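# Build me a model from this:
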Amino acid sequence: MTDTTDENLPRVKSPAHLAHVLLRTTKLDKMIDFYVQFLGGWVPFRGKSMAFVAYDDEHHRIALGAMPNTTPKDHLSSGLEHIAFTYNNLDDLVLAYEQRKKLGMHPIWCVNHGPTTSIYYQDPDGNHLETQVDNFDTADEATEYMKSPEFAENAIGFDFDPEALAARVHGGEDHKSIKRRIGSGPRPNPPYPSLHK
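From the prediction side, this is the model:
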């Protein structure tokens, strides 16, 4: 792993975990409903202008705040581009995709990045959400892949059809074969115009 810290400076103690993300919103009720459905979650707290959504062993992963003077999202401004949620395997990723589809939640982009196979969504405010599985068995293997000439040439990846992915998973194809990135050649860097609907 590349270490970009100055060797003359002390290294800060790393956190144990990333706890939660707070999103400002002008659509508090819609955002609460969306994240509860999207994550299969629940609301441990709801106030007049703030709510928390949980879905695992953390007391909340998404905080939503209807803060004064909040304006609609500007996709061209700097800041958070997306939040990524990892699934244990392709079976779970596909199951969640199919369950969301029944709820009327459809992907805005599906791409095999190389390190991950990823399905992206957009919340009511226009924030982007990545659902993914790791394509390598270990973080070290993924890191090595990201040092490869193939990844240097195209760090974005290649798009796929989620229905085709689901059919391959349901058909019993080996997951390593499905997760192998197919394609070659460069691709433009972000922002991705197709995401900004």
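# Can you give me the domain boundaries for this protein?
18-67, 82-197 (automatic domain parsing).
# how about those, which one is nearest residue 74?
Closest approach to residue 74 among the domains of the chain (C-beta to C-beta): domain 82-197, 9.1 Å. Heads up, the C-betas are built off the backbone N, CA and C, glycines and all.
# where do the helices sit along this structure?
Here the chain has its helices, by DSSP state H, at 28-39, 90-102, 139-146, 149-153, 162-170, 175-179.
# Would you indicate which residues of the last one are buried?
With burial defined by 16 or more other C-beta atoms under 10 Å, the residues of helix 175-179 counted as buried are 175, 178-179.
# Of these, which is the nearest to residue 26?
Using C-beta to C-beta, these come closest to residue 26 at residue 179, 38.1 Å.
# Residue 132 is in contact with that closest one, correct?
No. Residue 179 is not in contact with residue 132 according to C-beta atoms under 8 Å; the separation is 10.6 Å.
# overlap in contacts of these two?
Common neighbours of residue 179 and residue 132 (criterion: C-beta atoms under 8 Å, 6 or more residues apart in numbering): residue 117.
# Could you check how far residue 101 is from residue 95?
Distance of residue 101 to residue 95, computed by C-beta to C-beta, to the nearest Å: 11 Å.
# List just the one of the domains of the chain that sits closest to residue 7.
domain 82-197 (21.0 Å).
# For that closest one, what does the pLDDT average out to?
Domain 82-197 shows a mean pLDDT of 92.
# Count the neighbours of residue 119 for me.
24 (other C-beta atoms under 10 Å).
# err, residue 42, not the other one
Other residues close to residue 42 by other C-beta under 10 Å number 11.
# Over to residue 162?
17.
# thinking again about what came up before, now distance to residue 10 too, for the helices of the chain, in TSV please.
Converted to TSV, those look like this (distance: least, C-beta to C-beta, whole Å):
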stretch	distance to residue 10
helix 28-39	37
helix 90-102	40
helix 139-146	25
helix 149-153	32
helix 162-170	46
helix 175-179	39
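# if you compare these, which one is most tucked away?
Highest mean neighbour count of those: helix 28-39, a mean of 18 (counted as mean count of other C-beta atoms under 10 Å).
# which other helices and strands contact that one?
When contacts are defined as 3 or more C-beta pairs under 8 Å, 6 or more residues apart in numbering; DSSP states H and E, helix 28-39 packs onto strand 42-46, strand 50-54, strand 62-65.
# For the ones you listed, give me CSV that also has mean pLDDT and distance to residue 14.
Converted to CSV, the helices and strands packed on helix 28-39 look like this (pLDDT from 0 to 100; distance: least, C-beta to C-beta, whole Å):
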stretch, mean pLDDT, distance to residue 14
strand 42-46, 98, 27
strand 50-54, 98, 24
strand 62-65, 98, 22
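# Let's have those in JSON lines, adding distance to residue 26.
Shown next, in JSON lines, are the helices and strands packed on helix 28-39 (distance: least, C-beta to C-beta, whole Å):
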{"stretch": "strand 42-46", "distance to residue 26": "17"}
{"stretch": "strand 50-54", "distance to residue 26": "14"}
{"stretch": "strand 62-65", "distance to residue 26": "11"}
